[in-house]
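K.L.:
could you work out the structure for the sequence below:
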Amino acid sequence: MSKQTINVGTNQDDGTGDSLRAAFVKVNDNFTEVYNELGGVALSNIKMSGSTISTDTADSGIIIDPNGTGTITLTGATTVTGGLTPDTLTVTGNGSVGGDFTVTGAATFGSITIGSTIASDLDVTGAVTVGGTLNANGSVNLGDTTGDTVTVTGRFDSSLVPSVTETNDIGSLTLRWRDIFAQDIDGTTLTTSGDATVGGNLAVTGNVTIGGNITIGDADTDDITINAELKNDLIPNSDSLYNIGSSDKRYLTVFGDRFIGTSLEVGGLVISGNTVTSLNTNSNIVLDPQGTARVQVDGPMTIAGQVTVTGTLQVSSSQTVDMGNNKIQSVATPTVSTDATTKGYVDGLASNYATAAQGVLADSALQAEADTLETVTNRGATTINGITVGSVDTDGIRIVDNNITTTRSNDNLNLGTSGTGSIILDANVNITGTLTGGSPLDMGNDINMNSNDITAVGTLNTHTIPGGTGTLALTSDLYTNSDVDAHLNQSNPTSGFVLSWNGSDYAWVSNGIASEADSVVGAVNGIVKADGAGNISAAVAETDYITASGSVTLTNKTISGGVFDTMLISQGVQEAYDTKTAATGVVVHDCDNGHIFSHSSISANFTANITNLNCDTGYATTITLVLNQGGTAYMPTAVQIAGAAQTINWEGGSAPSGTNSGIDVVSFSILNASGTYTVLGSSVSYS
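P.N.:
The predicted model follows:
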C-alpha cells in the first residue's frame with residue numbers, strides 16, 4: 001500500500017478537505033502498514049537513531065533476511081565491527097573486518113591480504129582455498145585445539161627461527177618426529193628419549209648432556225679418544241663385576257694417591273686384607289730398601305713362614321721381641337754384654353755361681369742344713385751387690401715390698417735409735433689408725449711443726465699444741481665446742497697456728513674457735529669458717545649457724561650458706577650477676593654465678609635452664625633476667641630446673657611479649673615444696 005495523505009483543505013474549515021473520519025482512516029491505514037513492516041501488531045525491536053540501526057533489547061541480534069533468492073548488497077565501503085557470519089559473501093571492492101570473520105560454507109578467494117589493521121581473528125570453519133599468494137603480515141595462529149592438523153605440501157624457502165630463544169620445542173615426549181635430516185645440529189642442549197642415528201660424523205662444540213644408557217662403539221676395533229680431563233668419579237653400576245684393562249691389555253702406569261680394595265695383586269705378591277702372600281709357590285718375599293735405608297715395622301707383625309735377614313735386624317730400645325713360646329736357635333757364644341746367649345752358656349754360668357755359693361756356705365757360721373742365712377756375702381767381691389728376695393721375716397718383723405709389719409698379732413712396731421740418734425721421716429706420714437702413746441698422746445716431746453702440716457685421719461685425742469706456724473688438718477672427729485679447750489689443752493696458742501678441718505682453716509679466740517678473719521669481733525661461742533680474706537660461710541660446729549653474744553661485723557666480705565636469725569647490714573648489699581650472649585634454644589643459668597643474668601644479642605625465644613639452684617625445701621628464691629632487646633624482641637618462654645621442665649604461672653594469666661629495641665626485666669619467683677617447684681613469672685618493660 002502506498003502512503004495515504006490527509007487532505008486538510010485550502011483554508012481552515014472551508015469544507016474542501018477530508019472529513020475527520022476519512023482523515024483518521026488514512027492515519028490508521030498508514031500505522032497498520034508501518035507496524036506490519038516494523039513488527040506487526042507491536043513495534044519491532046529495531047531502533048533507528050540518526051544513521052544508526054540498533055536494538056531496543058540488550059544482547060539482541062539484528063537479522064537481514066532477503067526473501068527467496070534475494071541478496072543483500074552493500075554498495076559502499078562496509079565496516080563490520082562485530083562478528084560476520086554469511087552463508088555466501090561477495091565483496092567486489094575492498095573489505096575491512098574489524099572483528100571476527102566467520103564463513104560457515106565454502107570460501108574462494110582470488111587473493112587475500114590480512115594486514116596488521118585486523119583487530120581480531122579470521123575464523124573460517126569451512127575450507128579456504130587461496131589461489132594466489134597468501135600474505136599474513138601479522139601474527140598467525142594455526143588451529144585452536146590439539147585435534148587440528150596442519151599439512152604443508154609446499155617447501156619452506158626461509159629459515160624457521162623461533163621468536164624466543166630456548167623456549168619452544170619441536171615435538172614432545174609423546175609425539176616425536178621420526179627422522180631429522182640436517183647437515184649440522186647447533187644447540188646448547190640435545191635431548192632424545194628414543195633412538196637417534198647419526199650416519200656421518202657428529203661434532204658438538206658445546207656442552208653435551210646425555211641421559212639414559214650409553215653405548216660407545218659396537219666392536220672392539222672402535223677407538224675412544226678422550227682429550228679432556230675427567231671431572232667426576234668413575235663408579236660401576238655393579239659391585240665387584242667389571243675390570244679396568246685385561247690380562248693381555250694392561251695400562252702402562254696408574255697414578256693415584258691410594259688404592260682401596262679387598263685384594264691387590266702386584267707382580268708376584270697378593271695383598272688381601274692385612275696378609276701379604278707370594279703368588280707363586282716357593283717364591284720368596286724380598287724387602288730390599290735401597291742404600292742405607294732400613295725396613296721399619298712400627299707395630300706387631302706376624303710372619304707365617306721362614307724369615308731370612310741378610311742385613312742387621314734392629315729392634316728399638318723401647319720395644320720387645322715376643323717369641324710366643326717359640327725358640328731362638330743358632331745363637332753364637334756372646335762376646336759382649338749386649339749379645340744374646342745360648343742355654344749352654346747360661347748353664348755354665350749357673351754352675352759356676354752354684355760352686356761359689358757352696359763356698360759361701362762353707363765359710364759362714366751356718367749349718368749345711370740351715371734354712372736361714374744370717375749373713376750373705378759375695379765371695380771375693382770388691383763392691384756391694386744387691387740381693388733380691390720375695391720377702392724377709394726376721395724375729396717378729398716382716399718386710400714385703402715397701403711394707404713393714406709385725407708377724408705376731410697385737411705386737412707393737414717400735415722404731416728406736418741408739419744414743420742421740422733420731423728417726424728421720426723424709427716424706428709425708430699418713431696415719432690410718434689412732435696415733436696414741438701414753439695418756440692419750442704421749443710422745444715424750446712436743447711435735448715440732450717446722451712450718452709443716454700434720455694430717456690426722458683418726459680421732460685426735462688430748463695433746464698440747466705448741467706455738468709456731470703450720471696447719472693441723474682434721475678429716476675425722478672433733479669434739480664439741482665446749483670440749484675444744486680441754487682436749488687441745490691450749491686456749492690461746494701462739495698466733496699463726498692454724499687448725500684445718502675438711503679443707504677449711506680456723507683459729508682460736510678467747511672462748512672457743514673462730515675464723516682467722518680479722519673482721520670477726522665479739523665473743524664468739526662456736527666455730528666459724530672463713531677464707532684467708534675473712535669471708536664467712538656456713539659454720540661447721542654442732543650447729544649450722546653462727547652464734548655470738550656480741551655482733552659480727554662484715555666489711556667487704558662474702559657470706560654463703562648458713563642460717564641467720566637476724567642480720568644487720570649497715571653499708572648495703574651487692575650481688576654478682578652473670579652475662580649471656582646470643583641466647584637460643586636451652587640456655588643454662590648457673591646460680592653459682594649469681595641469681596641475676598644480663599642477656600644481649602638474643603637470637604630467638606629460649607628456655608631458661610636454672611642449675612645449682614640450692615633452694616632447700618620450705619624456702620623460696622628469685623631469678624632475674626635482664627633482656628637487652630634488639631629490633632625484634634625475644635623472651636624466655638619456658639623454664640627448667642636442673643633440666644626438668646617447670647610450669648610458669650605468669651602474672652595476669654598470659655605470657656608477656658617483649659619490647660622491641662627496649663629492655664625487659666623478667667623475674668621468676670621459685671618456691672620449693674619437698675622437691676616440687678612453683679614458678680611465678682612476671683615481666684616489666686623499660687623502653
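K.L.:
all contacts plus neighbour counts: C-alpha atoms, from now on.
P.N.:
Fine.
K.L.:
show me the helices in the protein, by range?
P.N.:
Assigned by DSSP state H, the chain shows helices spanning 20-37, 343-363, 481-488.
K.L.:
how much space between Gly421 and Thr221?
P.N.:
106 Å (Cα to Cα, to the nearest Å).
K.L.:
likewise Gly299?
P.N.:
Look at Gly299 and Thr221: by Cα to Cα, they are 50 Å apart.
K.L.:
one more: Ser391?
P.N.:
On the measure of Cα to Cα, Ser391 and Thr221 end up 88 Å apart.
K.L.:
same check on Thr129?
P.N.:
From Thr129 over to Thr221 the distance is 59 Å, taken as Cα to Cα.
K.L.:
comparing the two, which shows the higher neighbour count?
P.N.:
Counted by other Cα atoms under 10 Å, Thr129 and Thr221 do not tie: Thr129 has more neighbours, with 14 against 7.
K.L.:
tally of neighbours for Ile659?
P.N.:
You called it Ile, but residue 659 is Thr. When counting by other Cα under 10 Å, one arrives at 21 neighbours for Thr659.
K.L.:
pLDDT weak spots in the stretch 251-400 of the chain?
P.N.:
Within the stretch 251-400 of the chain, the stretches with pLDDT under 70 are 353-390.
K.L.:
and the strands in it?
P.N.:
Taking DSSP state E, counting those that start in this stretch to define them, one finds strands in the stretch 251-400 of the chain at 263-266, 269-272, 275-278, 391-394, 397-400.
K.L.:
mind giving me JSON lines with these and columns for mean neighbour count and distance to Ser330?
P.N.:
Output for the strands of the stretch 251-400 of the chain, formatted as JSON lines (neighbours: other Cα atoms under 10 Å; distance: least, Cα to Cα, whole Å):
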{"stretch": "strand 263-266", "mean neighbour count": "13", "distance to Ser330": "35"}
{"stretch": "strand 269-272", "mean neighbour count": "15", "distance to Ser330": "30"}
{"stretch": "strand 275-278", "mean neighbour count": "14", "distance to Ser330": "27"}
{"stretch": "strand 391-394", "mean neighbour count": "11", "distance to Ser330": "38"}
{"stretch": "strand 397-400", "mean neighbour count": "15", "distance to Ser330": "41"}
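K.L.:
export these to a markdown table and append columns for distance to Ala633.
P.N.:
A markdown table is the format used below for the strands of the stretch 251-400 of the chain (distance: least, Cα to Cα, whole Å):
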| stretch | distance to Ala633 |
| --- | --- |
| strand 263-266 | 62 |
| strand 269-272 | 63 |
| strand 275-278 | 65 |
| strand 391-394 | 77 |
| strand 397-400 | 73 |
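K.L.:
looking at those, which is closest to Ile46?
P.N.:
Ile46 lies closest, by Cα to Cα, to one member of those: strand 263-266, at 100.9 Å.
K.L.:
which strands or helices does the closest one pack on?
P.N.:
Packing partners of strand 263-266 (3 or more Cα pairs under 8 Å, 6 or more residues apart in numbering; DSSP states H and E): strand 269-272.
K.L.:
okay, now the unreliable bits of this structure?
P.N.:
Those would be 1, 40-41, 82-83, 85-126, 187-196, 199, 353-390, 426-571, if you go by pLDDT under 70 across the chain.
K.L.:
break it down into its domains, please.
P.N.:
Here the domain parsing of the chain from automatic domain parsing is 1-60, 426-571, 577-686.
K.L.:
what's the spacing between Leu413 and Thr394?
P.N.:
For Leu413 relative to Thr394 (Cα to Cα), the value is 13 Å.
K.L.:
who touches both of the two?
P.N.:
Contact criterion Cα atoms under 8 Å, 6 or more residues apart in numbering; no residue bridges Leu413 and Thr394 by contacting each.
K.L.:
which one of the strands of the stretch 251-400 of the chain lies closest to Ser669?
P.N.:
strand 397-400 (63.3 Å).
K.L.:
who does the closest one pair up with?
P.N.:
Strand 397-400 sits in its sheet next to strand 391-394 (antiparallel), strand 403-406 (antiparallel), going by DSSP bridges.
K.L.:
ok, which stretches of the stretch 1-150 of the chain are strands?
P.N.:
If DSSP E, counting those that start in this stretch is used as the criterion, the strands of the stretch 1-150 of the chain fall at 46-49, 52-55, 79-80, 96-97, 101-103, 107-109, 112-114, 122-124, 128-130, 134-136.
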